[in-house]
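J.: Fold the stuff below for me.
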Amino acid sequence: MSSGDLIIERARARVNIEGGSGTAQLLAEGRRGVPFRVAANAALEPNLIRAALAGHVNNIGFRFAEPAQIFREAGAWRLAPVTVALERGRIRLAGRWGDGLIIQSRLDGFDLSMLNAFSPGLGLGGQATGSLD
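T.: Presented below is the predicted three-dimensional model:
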């Protein structure tokens with residue numbers, strides 16, 4: 001499957017939901033400027049999603065250090081702080097979305113070349129440490 005510069009070479013999903021609760025598994029492999037492979041497992045409840053994620057972007061491995069927890073609160077969803085462990089560096093993420101989007105991130109030696117997968121042609125490289133909100 002392809003759309004513009006996004007090419008999905010392989011994908012597989014398995015979702016089992018009954019009464020608003022269940023599980024989901026996803027695997028996607030392809031390229032968008034750089035190659036990627038992402039796998040996720042999630043436990044789903046009406047007001048809570050717990051998800052594990054791992055893969056690589058531009059041949060740089062990543063994984064959630066612990067499962068992410070996403071809660072429904074007052075008509076919005078909140079991502080509790082989660083650490084994304086990279087081969088080189090890490091990112092700590094938290095946020096909220098509903099009537100708007102709020103993202104809080106802390107970077108520690110983050111490999112900027114991973115961003116080329118989201119916006120091909122940027123040509124980014126190097127590392128970043130700091131915060132982005």
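J.: which residues of this protein score low on pLDDT?
T.: Along the chain, the parts satisfying pLDDT under 70 run over 120.
J.: Tell me how far residue 65 lies from residue 53.
T.: 10 Å (Cβ to Cβ, to the nearest Å). Glycine gets a C-beta too; all of them are placed from N, C-alpha and C.
J.: what touches both of those two?
T.: Common contacts of residue 65 and residue 53 (Cβ atoms under 8 Å, 6 or more residues apart in numbering): residue 84.
J.: Neighbour count for those two, which is higher?
T.: residue 53 (17 against 11; other Cβ atoms under 10 Å).
J.: ok, that one touching residue 68?
T.: Yes - taking Cβ atoms under 8 Å as the definition, residue 53 is a contact partner of residue 68 at 7.0 Å.
J.: can you pull up the bridge partners for the residue nearest to the spatial centre of the chain?
T.: For the chain, the residue nearest the mean C-alpha position is residue 53 (7.0 Å; Cα atoms, centre = their mean). Beta-bridge partners recorded for residue 53 (DSSP bridges): residue 40.
J.: where's the residue in the chain sticking out farthest from the centre relative to residue 49, distance?
T.: Among the residues of the chain, the one whose C-alpha is farthest from the average of all C-alpha positions is residue 19, by Cα atoms, centre = their mean at 26.2 Å. Residue 19 sits 16 Å away from residue 49, taking Cβ to Cβ as the criterion.
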